[in-house]
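In: Return a 3D structure for these sequence lines:
(one chain, ligands or ions: 3)
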Amino acid sequence: MALKSFIEVHPSSHFPIQNLPYGVFKPERGSVARPGVAIGDYVLDLSVIAAAGLFNGPILNNSNCFHEPNLNKLLALGRAAWKEARATLQKLLSSTEPSLRDNESLRHKSLIPLSEVEMVLPIAIGDYTDFFSSLHHAKNCGTIFRGPQNPIPPNWFHLPIAYHGRASSIVISGTDITRPRGQGPPAGNSPPPFGPSVKLDFELEMAAIVGPGNELGKPVDVNAAADHIFGLVLMNDWSARDIQAWEYVPLGPFLGKSFGTTISPWIVTLEALEPFSCEAPKQDPHPLPYLAEKISKNYDISLEVQIKPAGQDDSHVVTKSNFNNLYWTLTQQLAHHTINGCNLRPGDLLGTGTISGPEPESYGCLLELTWNGQKQLSLNGTPRKFLEDGDEVIISGVSKGNGYNIGFGTCSGKIVPSTP
Ligand SMILES: O=C(O)/C=C/C(=O)CC(=O)CC(=O)O
Ligand SMILES: [Ca+2]
Ligand SMILES: [Mg+2]
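Out: Ligands and ions are numbered 1, 2, ... in the order given. Below is the predicted model of the structure:
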């Protein structure tokens, strides 16, 4: 029989007992942030569960990792600790286990309605890297930025291309994004125009949260790389296409992407996603030995982006994609990142790159959806080429199982005008 919680969970909920995603929250304004897991419409306060001595497995019984304002200590402990925490929490929340179910005062202290809490960034992010792993996205961007002759650079099929992103401007879902100002491409011999970006875009992405990481000089083997990934979040790599198009030659994205990156508050673990793992696309040419993995895994996660235009009450779906559109796997990305000896640390964030599918309805950003503004979208009659002030972008992600969902909730942000 399917695992069931004593807490009522609606079948459409993203957070059944099979999921138990991790986040960090404040029960009320001004209170201290602490780790929790989502269950139905509640968050379970893990600092209260730890203080009650209920993390009684061999690895976690004396750990203070649940009394921290972020998850970095838990991330550093590695897969054995994560498995122990999951087993403890699934048992504690199950319908047949009395220790929390029948303890009214503990239930009252540890289970808080999600509607009452403030979610904060769940990790301290030391470094953020963004990959470029959807073939469709690479092809479309290449065509738009560099022309149709050779849209995909020759290195693309041999390595997961990436750039170093900016960790300081990563924000939690719900944070407003200020329209960036900067230089755009000049027309003819005129000087470059300067001002608020006129081509502000979203990018539909997910990101991996790094666990223990590796010592400087010691690469991670691709077949062991999954043990270094705690879980996934939704991510919006906001991009100013005019700033980007002018600045990116030859060193890659800089100010066109460093003004804000939004992540969802809940980290869904790889354990919870395991039932939705699927074969990754066949790679041709065969990758070099350090990237050739015994098991090449993707995940079946349905992704959707909605835009709620300025001044309107309803949001409109602008694209539907799936995580399984990625060509390079998470484990190949991580192994490649460390192959030169570069060290990854607990809490590092690895963006997948924009997740575009093959069909125009599955493109992962407005640059592709409107072909750099040559076409416009209709949001129930409201035209859009790029984002306008007041527009809200809402990403959601879910894996649909037999009678339950493993969901990510949403990742949203609203554009506010440039500051002069
Ligand atoms: O093709 C380019 O020059 C740039 C493409 C991007 O903007 C993509 C980037 O941020 C990586 C990604 O999201 O896939
Ligand atoms: Ca990106
Ligand atoms: Mg960004």
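In: okay, CA-based contacts and neighbour counts for the rest of this
Out: Will do.
In: got a list of what the spatially closest residue to residue 21 that is not a sequence neighbour touches?
Out: Nearest residue to residue 21, sequence neighbours excluded (CA to CA, 6 or more residues apart in numbering): residue 268, at 4.5 Å. Neighbouring residues of residue 268 by CA atoms under 8 Å, 6 or more residues apart in numbering: 19-22, 231-233, 407-408.
In: what's the average pLDDT for the host helix or strand of residue 36?
Out: Secondary structure from DSSP states H and E places residue 36 in strand 34-39. Averaged across strand 34-39, pLDDT comes to 98.
In: partners of that strand, with directions?
Out: Paired neighbours of strand 34-39 in the sheet (DSSP bridges): strand 22-26 (antiparallel), strand 42-45 (antiparallel).
In: For that strand, output the C-alpha coordinates as PDB.
Out: Output in PDB follows, covering the C-alpha atoms of strand 34-39 (Å, rounded to 0.1, in the frame of the first residue of the first chain):
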ATOM      1  CA  ARG A  34      15.200  27.300  10.600                       C
ATOM      2  CA  PRO A  35      15.000  24.300   8.300                       C
ATOM      3  CA  GLY A  36      11.700  22.600   7.500                       C
ATOM      4  CA  VAL A  37      10.100  20.100   5.200                       C
ATOM      5  CA  ALA A  38       6.800  20.700   3.400                       C
ATOM      6  CA  ILE A  39       4.000  18.300   4.000                       C
END
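In: if I read this right, residue 14 contacts residue 407, doesn't it?
Out: Yes - here residue 14 lies in contact with residue 407, judged by CA atoms under 8 Å, at a distance of 4.0 Å.
In: which neighbours do the two share?
Out: Here residue 14 and residue 407 have residue 398 as joint contacts, going by CA under 8 Å, 6+ apart.
In: which residues does whichever residue of the stretch 51-200 of the chain sits closest to ligand 1 contact?
Out: Closest residue of the stretch 51-200 of the chain to ligand 1, CA to the nearest ligand atom: residue 132 (3.4 Å). Contacts of residue 132 were listed using CA under 8 Å, 6+ apart, and they are 138, 160-162, 352-354.
In: ok, so what distance separates it from residue 44?
Out: 36 Å (CA to CA, to the nearest Å).
In: In JSON lines: the strands paired with strand 34-39, plus mean neighbour count and distance to residue 122.
Out: Listed next are the strands paired with strand 34-39 as JSON lines, based on neighbours: other CA atoms under 10 Å; distance: least, CA to CA, whole Å:
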{"stretch": "strand 22-26", "mean neighbour count": "24", "distance to residue 122": "5"}
{"stretch": "strand 42-45", "mean neighbour count": "24", "distance to residue 122": "13"}
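In: Mind jotting down where the helices sit in the stretch 101-250 of the chain?
Out: Here the stretch 101-250 of the chain has its helices, by DSSP state H, counting those that start in this stretch, at 104-110, 135-146, 241-247.
In: quick check: domain ranges of the chain?
Out: 22-120, 128-416 (the TED database).
In: Point out the most buried one among the ones you listed.
Out: When these are scored by mean count of other CA atoms under 10 Å, the highest mean neighbour count falls to domain 128-416 (a mean of 19).
In: of the strands paired with strand 34-39, which approaches ligand 1 most closely?
Out: That would be strand 22-26 among the strands paired with strand 34-39, by CA to the nearest ligand atom, at 24.3 Å.
In: Give me the contacts around that closest one.
Out: 32-38, 69-71, 117-122, 265-269.
In: for this structure, longest strand please?
Out: If you go by DSSP state E, the chain has its longest strand at strand 405-416.
In: one step back: for the nearest residue to the residue of the stretch 51-200 of the chain closest to ligand 1 once chain neighbours are set aside, give its distance to ligand 3.
Out: Distances taken as CA to CA, 6+ apart place residue 353 nearest to residue 132, at 4.3 Å, with adjacent residues excluded. As judged by CA to the ion, to the nearest Å, residue 353 and ligand 3 stand 11 Å apart.
In: again with residue 4
Out: 39 Å.
In: Now that that residue has come up, it's in contact with residue 94, right?
Out: Yes - with contact defined as CA under 8 Å, residue 4 counts as touching residue 94 (5.6 Å).
In: what touches both of the two?
Out: residue 17.
In: Quick one: residues contacting residue 285.
Out: Residue 285 touches 157-158, counting by CA under 8 Å, 6+ apart.
In: Strands of the stretch 251-400 of the chain, residue ranges please.
Out: Using DSSP state E, counting those that start in this stretch, the strands of the stretch 251-400 of the chain run over 261-263, 268-269, 277-279, 297-299, 302-308, 316-322, 349-351, 377-379, 382-384, 392-400.
In: For the stretch 251-400 of the chain, which residues are neighbours of ligand 3?
Out: For the stretch 251-400 of the chain, the residues in contact with ligand 3 (CA under 5 Å from the ion) are 257-258, 261.
In: Now do stretch 398-417, average pLDDT.
Out: Stretch 398-417 comes out at a mean pLDDT of 96.
In: How far off centre is it?
Out: Centroid separation between stretch 398-417 and its chain, computed with CA atoms, centre = their mean, to the nearest Å, is 10 Å.
In: Pull it out as PDB, backbone CA atoms only.
Out: Written as PDB, here are the backbone C-alpha positions of stretch 398-417 (Å, rounded to 0.1, in the frame of the first residue of the first chain):
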ATOM      1  CA  VAL A 398       5.900  18.800 -11.100                       C
ATOM      2  CA  SER A 399       6.400  15.100 -11.600                       C
ATOM      3  CA  LYS A 400       3.100  13.200 -11.700                       C
ATOM      4  CA  GLY A 401       3.100   9.800 -10.000                       C
ATOM      5  CA  ASN A 402       0.500   7.200  -9.600                       C
ATOM      6  CA  GLY A 403      -1.900   8.900  -7.200                       C
ATOM      7  CA  TYR A 404       0.500  11.500  -6.000                       C
ATOM      8  CA  ASN A 405       2.700  14.400  -7.200                       C
ATOM      9  CA  ILE A 406       6.300  15.300  -6.500                       C
ATOM     10  CA  GLY A 407       6.200  19.000  -7.000                       C
ATOM     11  CA  PHE A 408       8.400  22.000  -6.700                       C
ATOM     12  CA  GLY A 409       5.800  24.600  -6.000                       C
ATOM     13  CA  THR A 410       6.500  27.900  -7.800                       C
ATOM     14  CA  CYS A 411       9.300  30.200  -8.500                       C
ATOM     15  CA  SER A 412       8.000  33.800  -9.100                       C
ATOM     16  CA  GLY A 413       9.200  37.300  -9.500                       C
ATOM     17  CA  LYS A 414       7.800  40.700 -10.500                       C
ATOM     18  CA  ILE A 415       9.600  43.300 -12.600                       C
ATOM     19  CA  VAL A 416       9.800  46.700 -11.000                       C
ATOM     20  CA  PRO A 417      10.900  49.900 -12.900                       C
END
